[in-house]
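**Student:** Give me a 3D structure for the following:
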Amino acid sequence: MKKDLTPGTIYAAAVAALPAGDIDHHASDLYLKRTPASVALVGRLDNTALLSVFRDSDGVAWYELPFCFSPYWENPSKYQ
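**Tutor:** Predicted coordinates:
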């Protein structure tokens, strides 16, 4: 699989490929609901060192991508 996404570009790719309900964030951390489409996106990341998976209170699996919510870096005070 082609590794054409970076931590700085995965948010834009997620917005283009996933339903809005499958994307969330907290401060600079990006969360993607674990679906076949998000598995494919994460598979394109050139660096997965900080990637983890957690389950929300409903038992749904999500990817946690620290520092990958790119709008945060454009205006950090907006998301604090």
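**Student:** how much space is there between the residue of the chain most remote from its centre and residue 41?
**Tutor:** Relative to the centre of the chain, the most outlying C-alpha is that of residue 77, 20.2 Å out, by Cα atoms, centre = their mean. Residue 77 sits 28 Å away from residue 41, going by Cβ to Cβ, to the nearest Å. C-beta coordinates here come from the backbone N, C-alpha and C atoms, glycine included.
**Student:** cool, and residue 57?
**Tutor:** 24 Å.
**Student:** Straight-line length of stretch 1-16, end to end?
**Tutor:** Using Cα to Cα, to the nearest Å, the span of stretch 1-16 from its first residue to its last is 19 Å.
**Student:** Would you pull up how far it lies from the middle of the chain?
**Tutor:** Remark: stretch 1-16 is offset 9 Å from the chain centroid, using Cα atoms, centre = their mean, to the nearest Å.
**Student:** buried set for that stretch?
**Tutor:** Going by neighbour count (16 or more other Cβ atoms under 10 Å), the buried part of stretch 1-16 is 5, 7, 10, 11, 14.
**Student:** Point out where this structure drops to low pLDDT.
**Tutor:** Under the criterion pLDDT under 70, no range of the chain is flagged.
**Student:** which residues of it fall in helices?
**Tutor:** Taking DSSP state H to define them, one finds helices in the chain at 10-17, 36-43, 70-74.
**Student:** number of nearby residues for residue 33?
**Tutor:** Under the neighbour criterion other Cβ atoms under 10 Å, residue 33 is assigned a count of 17.
**Student:** cool, and residue 31?
**Tutor:** Counted by other Cβ under 10 Å, the residues lying close to residue 31 total 20.
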